[in-house]
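Trainee: I'll drop the sequence and a predicted model, then ask my questions.
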Amino acid sequence: MPAAFDVPFILGMMRLHEAPAMHDPKQLADWIEARLEQGLNWFDHADIYGNGQGETLFGAALHARPALAQRVHIVTKASIANDTPTPGSGKVKHYNVSPDYLNSAIDASLGRLNAERLDHFLIHRPDLLMNAEATGRALDDAIEAGKIGAAGISNHLPSQWRRLQGAMHHRLSANQIELSIAHTTPLFDGSFDDLCADGHSPMAWSPLAGGQLMQGAVGDCLDKWAAKLDSSSNALALAWLRSLPNSPTPVIGSVKPERISDMLNAPATLPREAWYELLEAARGHCVA
């Protein structure tokens, strides 16, 4: 497996613009520095998060404290156009991976983030109208121009990423998928196995299922094992993911320092019995 993300988890910036205290560049720079001291140096963005505001806030913090730019690693995503069109505007939400759109999105993200290069640039959602040769060439060119370190995909089926990969010289290096104890579909429909077979570095978004894991049978099971392993329920939910083949890296959505510290208090992986007991609690039955 490519060792792209040597961290317990990636810090998702989807809610950054919703935290008023983080709107001050120096305060956000302090927050970033504190995360770096914890060994967390990967930050996940997208152009639609706050309609670009998330990237802009992060970029202002890097501008306020330039030394941080050499210590952080940035993932960002694009391809969702007109994400939430105003009723009556005549605009329609759609996906766009045409070269012009992606080139413009990459340049815009670089500008908002005050960055010289994006470590990972991901196609956020698959565009059913994709011309794989044209899109692949645009991603190859962006890598060769030094604008992005690597290209990847998000929420793509194996057939979709393989079609794009077949049109590229450079290797697609990451795939971000929804995966958690509560959302195990990729483990049973073959897509996770395909991802591993193709050597992708999985990133798991919504690893805590929006808090659903802390309720019902799964919550009870997490509490039980947290007590046994001297950890926390949230931390063990992340360890459940890291126990899988290719060690998926969770992308957490919280910016609260206390929650982040809590989620660092976990074993690297779970005992096999604990892992399967959590799976059983989520599915309501044991494995066949």
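Mentor: Perfect, I can see it now. Residues are numbered from 1 along each chain as shown.
Trainee: Could you pull out the buried residues of the helix or strand hosting A281?
Mentor: With secondary structure defined by DSSP states H and E, A281 is part of helix 272-283. Across helix 272-283, burial judged by 16 or more other Cβ atoms under 10 Å covers A274, W275, E277, L278, L279, A281, A282. For every residue, glycine as well, the C-beta is placed using N, CA and C.
Trainee: packing partners for that helix?
Mentor: helix 216-229, helix 233-242 (3 or more Cβ pairs under 8 Å, 6 or more residues apart in numbering; DSSP states H and E).
Trainee: Contacts for stretch 226-242 next, please.
Mentor: With Cβ atoms under 8 Å, 6 or more residues apart in numbering as the test, stretch 226-242 has contacts from 8-9, 179-181, 204, 207-208, 213-214, 219, 222-223, 225, 248-250, 252, 259, 262-270, 274-275, 278.
Trainee: among those residues, which are in strands?
Mentor: A204, T249, P250, I252 (DSSP state E).
Trainee: Look up the closest residue to the first one, ignoring the ones flanking it.
Mentor: When you say that, I think you mean A204. L179 (4.0 Å; Cβ to Cβ, 6 or more residues apart in numbering).
Trainee: In this structure that neighbour contacts F192, no?
Mentor: Yes: in terms of Cβ atoms under 8 Å, L179 counts as a neighbour of F192; the distance is 7.5 Å.
Trainee: any common contacting residues for the two?
Mentor: The overlap between the contact sets of L179 and F192 (Cβ under 8 Å, 6+ apart) consists of P186, P202.
Trainee: of these two, who's got more company?
Mentor: L179 (27 against 23; other Cβ atoms under 10 Å).
Trainee: quick one: contacts for that one?
Mentor: P186, L187, F192, P202, A204, W205, P207, L241, P248.
Trainee: swap the cut-off to 10 Å and go again
Mentor: 185-187, 191-192, 195, 202-207, 209, 240-241, 244, 248, 250-251 (Cβ atoms under 10 Å, 6 or more residues apart in numbering).
Trainee: do the same with Q53
Mentor: Counting by Cβ under 10 Å, 6+ apart, Q53 has contacts L16, H17, E18, H23, R112.
Trainee: Let me know the closest of those residues to Q38.
Mentor: L16 (17.2 Å; Cβ to Cβ).
Trainee: Per-residue pLDDT of that closest one, please?
Mentor: On the pLDDT scale, L16 is placed at 97.
Trainee: That one touches K256, doesn't it?
Mentor: No: under the criterion of Cβ atoms under 10 Å, L16 makes no contact with K256, lying 11.8 Å away.
Trainee: out of those two, which sits in the busier spot?
Mentor: More crowded of L16 and K256, by other Cβ under 10 Å: L16, with 25 against 10.
Trainee: Give the closest residue to N175 in space, chain neighbours not counted.
Mentor: H200 (4.5 Å).
Trainee: per-residue confidence for the one you found?
Mentor: 82.
Trainee: re the thing from before, got a list of contacts for the helix holding A281?
Mentor: 180-184, 187-188, 209, 212-213, 216-222, 224-225, 228-229, 236-237, 239-240, 243-244, 267, 269-271, 285-287.
Trainee: Quick one: low-confidence residue ranges for this protein.
Mentor: Judged by pLDDT under 70, the chain has its weakly predicted residues at 1-4.
Trainee: all strands of it, in order?
Mentor: 10-12, 42-44, 73-78, 80-81, 94-95, 118-123, 148-154, 174-178, 201-205, 249-252.
Trainee: Surely H23 touches F58?
Mentor: No: using Cβ under 10 Å, H23 makes no contact with F58, being 11.2 Å away.
Trainee: Give the residues shared as contacts by those two.
Mentor: With Cβ under 10 Å, 6+ apart as the test, H23 and F58 both reach L16, H17.
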